[in-house]
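**Q** the following comprises the amino acid sequence and a computationally predicted model.
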Amino acid sequence: MQSLRYLFLERDWANDCSRIQDVIASLGRDGRASLFLFPEGSDLSEENKTRSKRFAQKRGLAEYEHVLHPRTRGFTAIWSKMRKALDARAVWDMTIGYVGFQGGAGEGEFLAGQWPREVHVHINRFAASSLPTGDHELETWLNTRWAAKEGALAEFYHLEAEGKRPVLPGADPATARPSPFPWVQLVSSGAPLFILVNTVALPYLLWTYYQARWLWILGALQYIMAPFAVGGLDQLLCRRT
């Protein structure tokens with residue numbers, strides 16, 4: 001993640017704003033780029049849903065069941081800087097619905113091979129020229145999009161609960177295309193084995209070779225020490241690229 005210049009945040013606005021500036025500036029030096037944002041900032045666990053509802057109660061906002069209230073300050077800062085540094089063309093808004101899968105599922109379900117039977121993705125494109133320029137207006141725009149997501153997903157899961165074909169509002173069932181890789185159960189059952197091989201068996205095999213062992217140790221030290229020396233390898237890459 002450091003090598004890919006992920007945007008690590010500390011939830012301290014002074015530091016986070018500086019990191020956002022560094023990452024966007026480095027992307028601008030690379031030329032045109034895309035940046036994937038997840039404004040909710042966390043998974044849809046029961047604990048996070050409870051926090052989101054408490055936040056909504058304090059702010060007098062609607063309480064959501066299928067999404068979390070987005071973190072508007074980060075979005076507005078990132079989009080404003082991207083618009084200037086990268087001449088950003090559009091925001092692509094993705095809404096995802098899962099069939100046969102709980103929204104709060106996490107690593108435990110993944111390791112157990114529990115995957116959704118279907119994944120529905122609905123995409124809206126908003127041209128940069130259609131978005132407001134002021135921070136407050138951008139926050140309002142983002143909150144409006146999330147309210148629409150909550151309504152869309154509520155309808156989606158209501159249809160699934162009634163045993164009907166779930167469809168995200170605005171999507172045409174006739175244009176829905178199945179996954180090009182239909183062996184979902186095979187992939188699901190093989191996921192724990194894949195993780196075991198790559199996190200236990202393969203590292204153990206490499207550890208038995210003297211040269212590979214030292215390369216592994218030196219590589220690990222590089223990533224362990226980088227945060228103390230330069231704030232992370234991602235920060236070093238942002239400054240030099």
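**A** Sure thing, it's come through. Residues are numbered from 1 along each chain as shown.

**Q** host element of the residue most central in space within the chain?
**A** The residue lying closest to the centre of the chain (Cα atoms, centre = their mean) is F38, at 4.2 Å. Remark: F38 resides in no helix or strand, with elements defined by DSSP states H and E.

**Q** cool, Y157 as well?
**A** helix 135-161.

**Q** tell me what that helix is packed against?
**A** Secondary-structure packing of helix 135-161 (3 or more Cβ pairs under 8 Å, 6 or more residues apart in numbering; DSSP states H and E): helix 72-85, strand 90-99. For every residue, glycine as well, the C-beta is placed using N, CA and C.

**Q** residue ranges with poor pLDDT in the chain?
**A** Applying pLDDT under 70 to the chain flags residues 102-105, 111, 113, 173, 175-191, 240-241.

**Q** try 80 this time
**A** Applying pLDDT under 80 to the chain flags residues 11, 28, 30-33, 101-117, 170-199, 201-212, 230-231, 239-241.

**Q** which parts of it are helices?
**A** In the chain, the segments counted as helices under DSSP state H are 13-30, 46-59, 72-85, 107-111, 135-161, 184-196, 202-207, 210-230, 233-240.

**Q** other SSEs contacting the fourth one?
**A** Packing contacts for helix 107-111, counted by 3+ Cβ pairs under 8 Å, 6+ apart, involve helix 184-196.

**Q** what's around V67, how many residues?
**A** 22 (other Cβ atoms under 10 Å).

**Q** from F55, how far off is R125?
**A** Separation of R125 from F55 (Cβ to Cβ, to the nearest Å): 29 Å.

**Q** looking at these two, which one has more neighbours?
**A** The neighbour count for R125 versus F55, taken as other Cβ under 10 Å, is higher for F55 (13 against 10).

**Q** I'd guessed the more buried one sits against T72; true?
**A** No: here F55 lies out of contact with T72, judged by Cβ atoms under 8 Å, at a distance of 11.4 Å.

**Q** gap between the residue lying closest to W13 once chain neighbours are set aside and G231?
**A** Spatial nearest neighbour of W13, excluding adjacent residues (Cβ to Cβ, 6 or more residues apart in numbering): R73 at 7.2 Å. From R73 over to G231 the distance is 21 Å, taken as Cβ to Cβ.
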